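# can you look at this prediction? I've put the sequence above it.
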Amino acid sequence: MGILRTILALAVVVYHSYKLFGLRMCGGQVAVEAFYMISGFYMALILNEKYVGVGCYKKFILSRFFRIFPVYWIVLMIALLLSLIGYYGFNNPYYLSRYINNYSCLSGLTIFYFVFENVMVIGQDILYFLKIDESCVPIFTYHVLSFKHTGYQYLLVPQAWSISIEFMFYLLAPFLVTKKVKWQLILVLIGLLCKFYFFNYEYLCYDPWTYRFFPFELAFFMSGSLAYVFYKYIEKKSVPSYIGCGMMCLLVLLVFGYEYIIIKDQLKNSLFYLLVLVSIPFIFHSFRDNKLDRYIGELSFSLYISHHLMVSVFRGYFFSNPHNMYLYGYTVVFCSLIIAFLLQKTIIKYVESYRIKLFS
């Protein structure tokens, strides 16, 4: 499923920059929630087949920690360095602009909280539910995007909020994905029913409630776990590999041409998620021993976590030169892929080697 994961990461890059080949792709929400399902599948896989027995919870959490945090901290330091260079050299502080502009009114405790969240990651999604009032005090609100001064504007790696949600799932996953199917199914149904009710009857049908509220998103992770259960059913069967290949090609085409599917968004999203869920076991079955697919998939996290740097670097130029705007997406994607490749060949390579040695 490596190719699919990286295509979904690419959809987020396009969502934050500009369209490719005239296509906006599937957008941030759809890409992230599809990724939640894939993540649920993989966590069910390794927790049922690798991390089994006494002491495995600690090993699992530490393994996830080493897979995510070192790379994140490198990107965080690059974002900080970029902001300092921009501030002192070009009068553009990038990610530090909110800190600099509001330093005089922010309390020391508030600044500490924002810095803490940038470093620790877990809890960053909460900042998408915080507005900053006239006294520069963070206050919870149900519609934070209607305010000009918000908590998430203090993040140096803004897209890392999804890592917070991912890691919260990791903390719970050993207690959930190993349960009987009926309990997993109940969790999925409860999560989907809650999301449907609050979306349609409490009118929480806008960002950040759509895909940044962990209790609603747990259903997507757990549906991925159910996909693993089905994978175990077909694992030993002679399923032709072209089925998985065909499903992956179909999903990639849908991700690219998502905007041209002319049906209501809620129905379109639901059908797409259902197709992803059904496809995951077959795609994994077909590509589980494919080294190229695995290598491409390894780029997905580094592409996702680093791309916003390029979005910020090139935004000023392209917004000042709208006649070149059509090149914005290509430029960001190309440069982000180079950074992802460099991260993969340097930091990630050595961290992964150490992680595998430590937890083999």
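Noted; the coordinates are in hand.

# remind me, longest helix of the chain?
Counting residues, the longest helix in the chain under DSSP state H turns out to be helix 56-90.

# run the chain-centre distance for whatever helix or strand comes next after that one.
Past helix 56-90, further along toward the C-terminus, the next helix or strand under DSSP states H and E is helix 97-101. Distance, stretch centre to chain centre, for helix 97-101: 26 Å (Cα atoms, centre = their mean, to the nearest Å).

# buried residues in the following helix or strand past helix 97-101?
Where DSSP H and E defines the elements, the next helix or strand beyond helix 97-101 is helix 108-120. By neighbour count, and taking 16 or more other Cβ atoms under 10 Å as the criterion, the buried residues in helix 108-120 are Thr110, Tyr113, Phe114, Glu117, Asn118. C-beta coordinates here come from the backbone N, C-alpha and C atoms, glycine included.

# which residues are contacting the next helix or strand after helix 108-120?
Proceeding C-terminally, helix 108-120 gives way to strand 130-132 as the next helix or strand, assigned by DSSP H and E. Strand 130-132 has contacts (Cβ atoms under 8 Å, 6 or more residues apart in numbering) with Asn102, Pro138, Ile139, Phe140, Thr141, Val144, Phe147, His149, Thr150, Gly151, Tyr152.

# want to throw these into CSV with pLDDT, distance to Ala227 and secondary structure?
Supplementary listing: those in CSV, determined by pLDDT from 0 to 100; distance: Cβ to Cβ, whole Å; DSSP: H, G, I helix; E, B strand; the rest coil:
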residue, pLDDT, distance to Ala227, secondary structure
Asn102, 92, 45, coil
Pro138, 92, 38, strand
Ile139, 93, 39, strand
Phe140, 94, 34, strand
Thr141, 91, 35, coil
Val144, 88, 33, helix
Phe147, 90, 38, coil
His149, 92, 41, coil
Thr150, 93, 35, strand
Gly151, 93, 34, helix
Tyr152, 95, 31, helix
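
# highest neighbour count among these?
For those, the largest neighbour count, defined by other Cβ atoms under 10 Å, is 25 neighbours, found at Gly151.

# so what's that residue closest to, chain neighbours aside?
Once flanking residues are discounted, Gly151 sits nearest to Leu130: 3.2 Å by Cβ to Cβ, 6 or more residues apart in numbering.

# ok, now Pro93?
Distances taken as Cβ to Cβ, 6+ apart place Tyr87 nearest to Pro93, at 3.9 Å, with adjacent residues excluded.

# ok, that neighbour touching Asn101?
No: between Tyr87 and Asn101 no contact is recorded; they are 11.4 Å apart, counting by Cβ atoms under 8 Å.

# more neighbours, the two?
Tyr87 (15 against 12).

# who touches the more buried one in this structure?
The contact partners of Tyr87, by Cβ under 8 Å, 6+ apart, come to Pro93, Tyr94, Leu96, Ile100.

# what's the spacing between the third one and Ile74?
So that's Leu96. Computed as Cβ to Cβ, to the nearest Å, the Leu96 to Ile74 distance reads 18 Å.

# buried ones in stretch 66-74, by neighbour count?
Residues of stretch 66-74 classed as buried under the neighbour-count rule (16+ other Cβ under 10 Å) are Phe66, Ile68, Phe69, Pro70, Val71, Tyr72, Ile74.

# also stretch 186-195?
Residues of stretch 186-195 classed as buried under the neighbour-count rule (16+ other Cβ under 10 Å) are Leu187, Val188, Gly191, Leu192, Lys195.

# how much space between the third one and Ile122?
Remark: distance between Gly191 and Ile122 (Cβ to Cβ) = 20 Å.

# equivalent analysis for the fourth one, please.
With distances taken as Cβ to Cβ, Leu192 is found 25 Å from Ile122.
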